[in-house]
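1. Return atomic coordinates for the entry below.
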Amino acid sequence: MNAIILRTGDYQRSIAGVSLLDRLVVELSRGGAESIKILGDPNQPELKRAVARGIAFEYADGVPTLTEPTLVVRDDVFIQRSDFTMLIEKGGTLQGPDKDPLPVGVLEDGSLENLKERLAGLEQHAPEGVTQTVRSQDDAEQAERLLWATMGSKCDGVVDTWLNRPVGRCLSKLLVWTSVTPNQVSAGSTILGVAAGALFYLGPYWPALWGAILLQVSAVIDCVDGDIARVAYKESELGRWLDIVGDNVVHITVFVGVGIGLWVQGDVGALPLGISAGIGALISFLVVLRGMSARHEDNARLQSFLDKMANRDFSVLLLILAAMDQLWLFLWMVGIGVHVFWVVALIILSTGGKARPE
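-> Coordinates of the predicted model:
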């Protein structure tokens with residue numbers, strides 16, 4: 001279905017660093033619009049995210065007469081892709097908070113004059129995502145608050161949900177207005193994590209404690225790259241790989257570092273246990289890579305397992321045990337747990353394609 005954006009004149013309003021018009025174009029494209037036409041003067045700031053994502057759109061003068069079903073939306077309303085998809089599939093319009101239709105809907109044909117009256121005659125659907133009419137800066141700030149509330153990851157554990165992401169969100173809200181990229185944040189998080197592992201190598205109590213603190217900071221920053229990527233439409237395949245590889249490099253560095261640090265202090269069994277944990281982390285990474293290249297149904301089963309098990313919660317446990325000078329306990333936990341993890345993941349992959357008995 002084709003889409004038309006009707007301009008109202010205020011093109012400068014932005015939500016989380018991206019102009020509202022730019023957001024509409026990206027969300028329409030991701031929602032399933034086959035072509036996007038913007039009515040009005042094209043002499044305005046570039047729609048940077050739409051251009052960066054390679055989304056085709058065009059400007060047009062005048063108000064056309066519709067000859068086929070078309071999704072029409074005014075440029076002063078914030079709508080997410082799920083609701084655009086619903087309108088393309090079902091037709092109708094979206095219900096606003098006051099029960100009146102929002103300035104968006106599928107019109108079968110005819111003129112675009114008297115849009116409000118035409119939308120009032122359509123079937124109204126309750127929005128699935130965030131919707132907000134944006135006619136003032138207060139409206140834009142409200143839309144931004146609602147948008148940030150939807151940002152998260154299926155892999156978030158308890159610590160991510162209640163500590164890492166809320167703290168990292170403060171940084172995300174600042175960086176999204178800058179030129180800092182998600183990939184730069186990912187690299188910074190990895191560097192901090194590797195530095196934390198290096199501190200564990202030194203052995204004594206205080207370097208290990210500072211290593212645990214630095215790892216926790218790395219875990220907080222690790223939530224920021226995804227925030228920026230999703231809210232500002234800066235997702236990329238490179239960024240996905242930087243995140244995956246970086247996390248595993250940090251895990252291996254920290255596990256082996258804790259083992260060496262305890263070995264330096266006289267725990268002769270810590271070194272082989274730390275190396276074993278590092279090898280287990282590497283095997284886990286390779287199993288995940290295999291799952292990423294598996295058939296869709298097998299990948300889905302593994303992804304469900306990863307969503308439940310692969311999170312950063314261990315960083316707080318490590319911090320607590322480092323403060324208690326009980327890192328040997330952490331080493332035993334990861335030394336066993338990481339191997340259980342890859343074995344279970346491998347079983348899920350190897351049994352995923354087999355038919356179940358009748």
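2. Specify the beta-bridge partners of Tyr59.
-> For Tyr59, the beta-bridge partners are Ile38 (DSSP bridges).
3. Pretty sure it sits against Leu47.
-> No. If you go by C-beta atoms under 8 Å, Tyr59 and Leu47 don't touch, sitting 10.3 Å apart. Glycine gets a C-beta too; all of them are placed from N, C-alpha and C.
4. centre of the chain versus stretch 71-90, how much separation?
-> Taking C-alpha atoms, centre = their mean, to the nearest Å, the mean C-alpha location of stretch 71-90 is offset from the chain mean by 21 Å.
5. tell me how far the ends of it are from each other?
-> 11 Å (C-alpha to C-alpha, to the nearest Å).
6. what is the rounded mean pLDDT of it?
-> When pLDDT is averaged over stretch 71-90, the result is 94.
7. residue boundaries of the strands in the stretch 51-200 of the chain?
-> For the stretch 51-200 of the chain, the strands defined by DSSP state E, counting those that start in this stretch cover 58-60, 70-74, 77-79, 93-95, 101-107, 124-125, 131-133.
8. strands paired with the longest one, and their directions?
-> For strand 101-107, the paired strands and their directions (DSSP bridges) read strand 70-74 (antiparallel), strand 93-95 (antiparallel).
9. rewinding a little: in terms of neighbours, single out the busier of Tyr59 and Leu47.
-> Leu47 (22 against 14; other C-beta atoms under 10 Å).
10. Please verify my assumption that the more buried one contacts Leu21.
-> Yes. Between Leu47 and Leu21 a contact is recorded at 6.4 Å, counting by C-beta under 8 Å.
11. Tell me, please, where in the stretch 51-200 of the chain the pLDDT is lower than the cut-off.
-> Across the stretch 51-200 of the chain, nothing is flagged by pLDDT under 70.
12. Neighbours of Ser350, how many?
-> Neighbours of Ser350 (other C-beta under 10 Å): 11.
13. Ala281 is in contact with Asn248, isn't it?
-> Yes. Using C-beta under 8 Å, Ala281 is in contact with Asn248, at 6.2 Å.
14. ok, the two, which is more surrounded?
-> A side-by-side neighbour count of Ala281 and Asn248, using other C-beta under 10 Å, places Ala281 first with 25 against 18.
15. does that one belong to a helix or a strand, and which?
-> Using DSSP states H and E, Ala281 falls within helix 270-292.
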